[in-house]
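S.K.: The following block contains a protein sequence and its predicted model.
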Amino acid sequence: MSHKPLYKDTDLVLSIESVMKSFDGFRAINDLNFYLGEGELRTIIGPNGAGKSTFMDLITGRTRPDEGSLIYHQDDGHDMDLTKLREYEINRLGISRKFQAPSVYQQHTVYDNIVLSLNKDRSVLKSLFYRVSADDREFIDEILGTIRLKGMINNLAGSLSHGQKQWLEIGMLLAQQPRILLVDEPAAGMSDEETERTGELLLSLEGKHSIIVVEHDMEFIRQIARKVTVLHQGHVIKEGKFLEVANDPTVKEVYLGRQKHE
Ligand SMILES: Nc1ncnc2c1ncn2[C@@H]1O[C@H](COP(=O)(O)OP(=O)(O)OP(=O)(O)O)[C@@H](O)[C@H]1O
């Protein structure tokens, strides 16, 4: 981390400006500008190929931009240029991502899955012998309450339903105390009831973490929507409240209209 951090007084956690990214000459991200506020719950929508995954990849350092800046405003007031950092360094700064498919330790209990994810500086193997402190226990209990799996702490993760595995994985990310949480299509493959509970879970995190949710399910978006960002051809074409966005003619044309035809 060779560059000198700048001090900035801002309520933002992320400022993304003029970002470009091409793959073999194809412009996946085109002059992207995006700002995320502290504690904000933001939903991102857009048709297939709009650049949503690439956008998340750029934030986590999985993909590097060709041009533009991605600045993370740390809570101590210092700014970090994410384009200069590796994936694990970005993760250590407090930016965590949950991919679409659940990834839990199937052979371990719900409780142990959370313990194994605690933000301690040690390998997974070592943490199997980790002695859980009273503070840890309180924190784990709080997480289990948030993800509503308190009654299942001794169940093996492998035996959980798809929805429960997704919630457990969110709990595992919460155990790392992220400042920014990126969530890829959390409602995919869920029943209506599970989808609604997932929405409630994400809403309960608002204010405690800054959250970006990428989702296709419009009913789910409607449930959790605060500010909605619409991506199209790698560019933000609209931002606003759910109804503003859903009633916007351009959005209808590029997104909702297209979905209807499909
Ligand atoms: N590694 C890559 N190599 C080549 N092209 C890529 C690569 N990653 C993404 N693309 C292209 O960039 C465009 C944006 O893809 P991206 O996956 O970010 O869109 P998306 O909005 O997440 O789509 P979906 O909703 O279908 O998941 C697509 O046309 C895709 O084919």
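M.R.: That came through fine. Worth saying up front: this structure is predicted, and the values here are computed from it rather than measured.
S.K.: which regions of the stretch 1-150 of the chain lie under the pLDDT threshold?
M.R.: Of all residues in the stretch 1-150 of the chain, those with pLDDT under 70 make up the ranges 1-10, 121-130.
S.K.: What ranges does it have for its helices?
M.R.: According to DSSP state H, counting those that start in this stretch, the stretch 1-150 of the chain carries its helices in the segments 52-60, 87-92, 110-117, 124-127, 134-146.
S.K.: Check which residues of stretch 195-215 are buried.
M.R.: Residues of stretch 195-215 classed as buried: 195-199, 201-202, 205, 209-215 (neighbour count, 16 or more other CB atoms under 10 Å). Any C-beta I mention is one placed from the backbone N, CA and C, and that applies to glycine too.
S.K.: right, so of the helices of the stretch 1-150 of the chain, which gets closest to the ligand?
M.R.: The minimum distance between the ligand and the helices of the stretch 1-150 of the chain falls on helix 52-60, with 3.3 Å, by CB to the nearest ligand atom.
S.K.: Lowest-confidence entry in the buried residues of stretch 195-215?
M.R.: Within the set of the buried residues of stretch 195-215, pLDDT is lowest for residue 215 (92).
S.K.: ok, back up a step: mind giving me a markdown table with the helices of the stretch 1-150 of the chain and columns for distance to residue 154 and mean neighbour count?
M.R.: Converted to a markdown table, the helices of the stretch 1-150 of the chain look like this (distance: least, CB to CB, whole Å; neighbours: other CB atoms under 10 Å):
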| stretch | distance to residue 154 | mean neighbour count |
| --- | --- | --- |
| helix 52-60 | 33 | 21 |
| helix 87-92 | 29 | 15 |
| helix 110-117 | 7 | 22 |
| helix 124-127 | 18 | 10 |
| helix 134-146 | 12 | 14 |
